[in-house]
Structure formats: structure tokens, C-alpha cells
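Peer 1: Using only what follows, build the 3D model:
(2 chains)
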Amino acid sequence: MDNLGIVLAALGAAFAALMAGMGSSNGVGTAGMAAAGVTTEDPSKFAKVLILQALPGTQGIYGLLIAFITLSQIGILGGDSNISVAKGCLYLAACLPMGLVGYFSGKHQGRASVASIGIVAKRPEQFGKAMVFPAMVETYAILALLVSILMITSIGGLNI
Amino acid sequence: MADDQFVYAVARIRAKELTLLDNAFFDQLMAAKSYKECLQLLSDKGWGRNGEESAEELLSIEREKTWDLMAELVSDISIFDTFLYGNDFHNLKAAIKQVYIGEEVPNIYITHGTINPEVIYNAVKQHDFSLLPEHMRNCAEEAYQVQLHTGDSQLCDVIIDKATLDTIYSKAKESGNDLLTKYAELKVVAADIMIAIRGAKTGKGKEFFMRAMADCVSLDKNRLIDAALTDEEAIYEYLSSTIYADAVLSMRESSTAFEKWCDNLIIRNIKTLKYDSFSMSPLAAFILARENEIKSVRILLSGKLNRLPDEFIGERLREMYV
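Peer 2: Take a look at the predicted model:
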């Protein structure tokens, strides 16, 4: 039971990386199918559809970032890894926003990218507008990233 | 996974939609001085294979290209069977007539169907209707007996046409796809209205209408039959109280105008369903759009071949999908 704190915190880090990565892989995969479809018919649109396909990939990076910060804060990457159960729970809670929002926003951003790839297929000159739709979903992933970072970096200073 | 299975196919179709003929191209075809020039324009647009085909070959190649593309895009092509049942039932009619007259008649079968025309012909010839799929068996048996014992080809056709509509309607509903359901509904509506008008003109009785008309949601079959038993005006009056009120204007104009209205109605309705990137609807819409443009090109080419006035041809051209 002495190590429960570090176990919970590590679980949080794994959760953030895992869920956000799953969301991104789903989104990038779905958008990739649409991008491949358009490129089959018109290879000249490769660059444009590739950018749209890559958009849902950011959640995975955010998840990795959160996992990395958490691991360094709890001492797994070096330093003192002796943290209380309460702090472990807080680290786990801090990782939840990025994990959950990362999963759902990655998945839905992928769907928005698919629809935008459809725009590029028919009206390549509207690429700028097509980018905006999936980019809107990114807002919520960034908000979750900010909340997770604020929480993780503040927990270390708490005296519990 | 099921949700993603059409993503690749729909994206390809989105890009393919750019190759569909638009109104500007039809204006160009209309402005062409001769039939040959039209064929050349179509060939330049990528229609046909080597630019030396006749009009019928050209249209047949284009239809084949559409189905080849669909076969490449989806693993189970039977999802589009709703569009092909009509061909099967046409082949059934042809087989019954061929067996009845006992002579070989060339080129009467349509190749794109869900069943091989040879199977249909053998089923009729051997009177073994178990060779046919379930939805065809009863009507094939009934139509065959009517043709054989009474020689009444019109009644034989009525039986098969009704079975065609019922099959399209029920199979589309079974598919659960919005576009196919809408297509089947409009197909039945157009056929029922046409039966009502023709029946009213030729003074058909209630039994005929009951036998010929199929059920649908957006029209009250019984009220349409009552109107058809009265006169054409009663049909117009009933239709004016439905969502198909704008059909009356075209019906008053001519049967050709009404046929055009029916095709346009389907195209207008599918346009609203084509933006779904995750279902088979854009693929089904593409098939209908291709059929629609093939029909328009056929009208235009036969008009040009027979040197008909441009206004005459223009009145008959369908609305384009793009």
C-alpha cells in the first residue's frame, strides 16, 4: 500500500497517453481512408488531403506530453518517487481531461477531416475553409491539455 | 468499423463527381451542329473507350464503367440490388414472351441484373420457378399462366410490373438506407400516378387498379384509385392535395413532361442526401446520377440523329446532379 500513490499517478500518465493516442489513431486512420480515396482519383491533391489527415494526430502528441510531464513530476524519470496516495489520486485526476477529451476529440476530428477531404475533392480552392472545420475540434483538445498541465504542475506544491 | 466501411469509397466518388456532365456541357452538346460532333464531344470528355463506338455502345460502356467502379469500391455489390430488380423483372417479361412465342429473339435481355438472364429463361422454359429468387417466384408463375392460357400480354406485364414495384419497395425498406428508401418511394409514386392516368384514359375498372398499383407511404392508394375511376381531373384534384401537387402542371402538359418530372423529382431528392460521408448514400446517388445523365445523353443523341429542333430536345433533358 506504501506505493499506491506512485501506482495511481503512473496509471494516470498511462491513461492520458493511451486514450489520446487511441483517439488520434482512430481519427488519422479514418481520415487516411478518405485521403487515399481522393488521391486514387486525383494524385495532385495529395498534399492538401495529407494536411487534413494529419490534423487529428495532435491529440496523441498532447497525451504523450501529459504522460511525460506526469512521469517527470512523480519522479519516475528521476528524482524522488515517494508520493502520497492523495497526490497519486490527484495526478490520476489531472490526467483524465487529456485522456478522455483526447480520445473523443481525436475521433470526431477525424470525422470532420473526412468531410473536409470531401470538400477538397470537389473544390480544392476552398482548402482554407475546409481546414477550419476539423480545426474547431482541436480547441477542446487544447483546453483539456491546458487543464491537465495546470493541475499536474500545481499538485507538486501541495502539502498533502 | 461498419461506420467507416464507405469512407474510402465515398471520397473516391466525391472526386469522381467532378467527371459528371453538368448543364454547361449539355449546352455545348446542344450547340453541336451534328450527331457526329456530339459523339466527338462525348469522346473528348472521356466517354467510351476508343472514340469509335456507336451511340448505343457508348451508353452501354458508360453504364458498365459505373458498375465496374462500384464493384471495385464495395465488397458486397448486392447493396445496390434495389436499382437492378427492374432489370430482372424486365428479363422475366422477355423470357415469358420468348417461351410463349417459341422463337429465339435476339437482344431482348438486359445484362445488368441480380440474376443471370439465362437462369430466368430456363426457369420459365422448364416451368421450374424454384430456380428464381423468392421475390420473383409467385409473380413469374402467375404471369406465365396468364400469358399461356389467355395470351393477354398486357395483364402479364401488369402482374410483373406490380411485383417489380413491390420488390423494389420492400427491399429498399429492408436495407434501412435513407436514399434507397426515398428512391423506392418515389419510384412507386411515379408508377402509381402513371397507372392512374393511363387507366383513367382507357376506362379501367377498380380490379385493374388494385392489381396494378403498389402501396407507398406518401400517396393514399385507395383515394388515387377512386379518383382514377372518376376521371383525369379527379386525379389532378387529389394530387393537388398531396406533396406532389407540382406534378399536376407537367401532367397537364404531356406524358413526356410527367416522365421528366418523375426523374427530376428523384434527382432533386437524392441531392439532399449525398453529403453524408459515412454511408453508402453518395455511392447510390452517383449510380442514379450516372443513369440520369446516360438517359439525357440518349435523348439528346437520338434528337440530334433525327434532326429534331433544339427546343424539342431541351424540353426532354433531365436536371443534372452536379
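
Peer 1: Tell me which stretches of the stretch 51-200 of chain B form helices.
Peer 2: With helices called from DSSP state H, counting those that start in this stretch, the stretch 51-200 of chain B shows them at B:55-73, B:85-101, B:117-125, B:134-150, B:153-175, B:178-202.

Peer 1: what do you get for chain A?
Peer 2: A:4-41, A:46-54, A:58-73, A:85-122, A:127-155 (DSSP state H).

Peer 1: For chain B, find the nearest of the ones you listed.
Peer 2: helix A:4-41 (2.9 Å; C-beta to the nearest C-beta). Yep, even glycine has a C-beta here, placed from its N, CA and C like the rest.

Peer 1: now for the closest one, which elements pack on it?
Peer 2: helix A:46-54, helix A:58-73, helix A:85-122, helix B:7-16 (3 or more C-beta pairs under 8 Å, 6 or more residues apart in numbering or on different chains; DSSP states H and E).

Peer 1: Can you list the buried residues in it?
Peer 2: Neighbour counts using 16 or more other C-beta atoms under 10 Å in any protein chain shown place A:5-6, A:8-10, A:12-28, A:30-39, A:41 of helix A:4-41 among the buried residues.

Peer 1: same question, stretch B:15-22
Peer 2: Residues of stretch B:15-22 classed as buried by neighbour count (16+ other C-beta under 10 Å): B:15-17, B:21.

Peer 1: Quick check: which of the residues you listed are also close to chain A?
Peer 2: B:15-17 (C-beta under 8 Å from any C-beta of the partner chain).

Peer 1: Make TSV from the residues you listed and add pLDDT and distance to residue B:144 to it.
Peer 2: Below are those laid out as TSV (pLDDT from 0 to 100; distance: C-beta to C-beta, whole Å):
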residue	pLDDT	distance to residue B:144
B:15	93	47
B:16	93	41
B:17	91	43
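
Peer 1: which of the residues you listed lies closest to chain A?
Peer 2: Relative to chain A, and with distances defined as C-beta to the nearest C-beta, the nearest of these is residue B:15, at 3.5 Å.

Peer 1: and that closest one, what does it touch?
Peer 2: By C-beta atoms under 8 Å, 6 or more residues apart in numbering or on different chains, the residues touching residue B:15 are A:37-38, A:40-42, A:45, A:121-122.

Peer 1: now residue B:41
Peer 2: Residue B:41 neighbours (C-beta under 8 Å, 6+ apart): B:25, B:28-29, B:32.

Peer 1: ok, so what distance separates it from residue B:318?
Peer 2: Distance of residue B:41 to residue B:318, given as C-beta to C-beta, to the nearest Å: 18 Å.

Peer 1: Next up, the contacts around the residue in the stretch 151-300 of chain B that chain A sits nearest to.
Peer 2: Nearest residue of the stretch 151-300 of chain B to chain A (C-beta to the nearest C-beta) works out as residue B:277 at 5.0 Å. Contacts for residue B:277 (C-beta under 8 Å, 6+ apart) come out as A:34, A:111, A:114-115, A:118, B:7, B:10-11.

Peer 1: do the same with residue B:151
Peer 2: If you count contacts by C-beta under 8 Å, 6+ apart, residue B:151 has them with residue B:100.

Peer 1: which one is residue 142 nearest to, not counting chain neighbours?
Peer 2: You didn't say which chain, so I picked chain A. residue A:62 (7.8 Å; C-beta to C-beta, 6 or more residues apart in numbering or on different chains).

Peer 1: wait, chain B
Peer 2: residue B:159 (5.4 Å).

Peer 1: Please apply the same query to residue B:30.
Peer 2: Nearest non-adjacent residue to residue B:30 (C-beta to C-beta, 6+ apart): residue B:310, at 5.5 Å.

Peer 1: Could you do residue B:225 as well?
Peer 2: Per C-beta to C-beta, 6+ apart, closest to residue B:225 is residue B:209, 4.4 Å.

Peer 1: Please identify the helix or strand for that neighbour.
Peer 2: For residue B:209, the element it lies in under DSSP states H and E is helix B:206-212.

Peer 1: sorry, back to before: do I have it right that the residue nearest to residue A:142 meets residue A:145?
Peer 2: Yes - in this structure, residue A:62 is within contact of residue A:145 by C-beta atoms under 8 Å, at 4.5 Å.

Peer 1: Please identify every residue contacting each of those two.
Peer 2: residue A:98.

Peer 1: of these two, who's got more company?
Peer 2: residue A:62 (29 against 23; other C-beta atoms under 10 Å in any protein chain shown).
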